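Participant: Quick one: sequence plus predicted model below, questions after.
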Amino acid sequence: DAGVIQSPRHEVTEMGQEVTLRCKPISGHDYLFWYRQTMMRGLELLIYFNNNVPIDDSGMPEDRFSAKMPNASFSTLKIQPSEPRDSAVYFCASSPSAGELFFGEGSRLTVL
Amino acid sequence: SQQGEEDPQALSIQEGENATMNCSYKTSINNLQWYRQNSGRGLVHLILIRSNEREKHSGRLRVTLDTSKKSSSLLITASRAADTASYFCATAPQGAQKLVFGQGTRLTINP
């Protein structure tokens, strides 16, 4: 398996623009997690899914953030409108059992 | 919110020496995990220790867990330059399927 695949790896956008980050989990994994990493706040869990259903979205900062998982092989994290404080590295991770997590390489977002 | 807190925040040692990192957490857990992150990369799972286990080994890694003190330690023996990375502990709170990460320890191995 190719592992968890995230795209884009890097995104630079201007404040107010819509940003969509994409994730393809490892086939057969039932759990999918979205994390955000910054120097100030470290790794924060934004939301996680089990069998494509959102289970806990308490980490989503505000209504500008939304996440979907339309099927077992694809998830998106959308920010609309984006703000400079959203600049971070966004990680997607999947897991077969909510034990060990398998991380993607991350999407580095810069909002100017 | 951060569940785990690593100590020290940064550690620099000579190649061949042992490196010890500590993690403290706040609530009851199902398991505790350690991850490594190389600069600019995603996190990689190293080892998982369950709440009913006290010690676990994997190659040059040794993890201990003291649930009474709500703490864990990661020991890397005979360190190598390639061990230079950030190391994170992560806890799975009881009743939850998610992992909460600490702030990490930045380890530098000097050749």
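Facilitator: Happy to help now that I have it. None of these values were measured; they are calculated from a predicted model. Residues are numbered from 1 along each chain as shown, chains lettered A, B, ... in the order given.
Participant: Count residues in the vicinity of residue B:40, would you?
Facilitator: Residues near residue B:40, counting by other CB atoms under 10 Å in any protein chain shown, number 10. Backbone N, C-alpha and C define where each C-beta goes, glycine included.
Participant: Now do the contacts for the most centrally placed residue in chain A.
Facilitator: Nearest to the geometric centre of chain A sits residue A:34, at 3.6 Å (CA atoms, centre = their mean). Taking CB atoms under 8 Å, 6 or more residues apart in numbering or on different chains, we find residue A:34 in contact with A:23, A:45-48, A:67, A:75, A:77, A:90-92.
Participant: same check, this time on residue A:16
Facilitator: A:81-82.
Participant: thinking again about what came up before, of the contacts of residue A:34, just the buried ones, ChimeraX syntax please.
Facilitator: Typed into ChimeraX, the line below selects the buried ones among these, using 16 or more other CB atoms under 10 Å in any protein chain shown:
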select /A:23,45,46,47,48,67,75,77,90,91,92
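Participant: Name the residues of stretch B:62-73 that are buried.
Facilitator: So for stretch B:62-73, counting by 16+ other CB under 10 Å, buried means B:62-65, B:70-73.
Participant: Which stretches in chain B count as strands?
Facilitator: B:5-7, B:10-14, B:19-24, B:29-37, B:43-50, B:55-58, B:61-66, B:71-76, B:85-93, B:100-101, B:105-110 (DSSP state E).
Participant: and the last one, which strands flank it?
Facilitator: What it means is strand B:105-110. Next to strand B:105-110 in the sheet, as set by DSSP bridges, lie strand B:10-14 (parallel), strand B:85-93 (antiparallel).
Participant: and if you look at the fifth one?
Facilitator: The sheet places strand B:43-50 alongside strand B:29-37 (antiparallel), with pairing taken from DSSP bridges.
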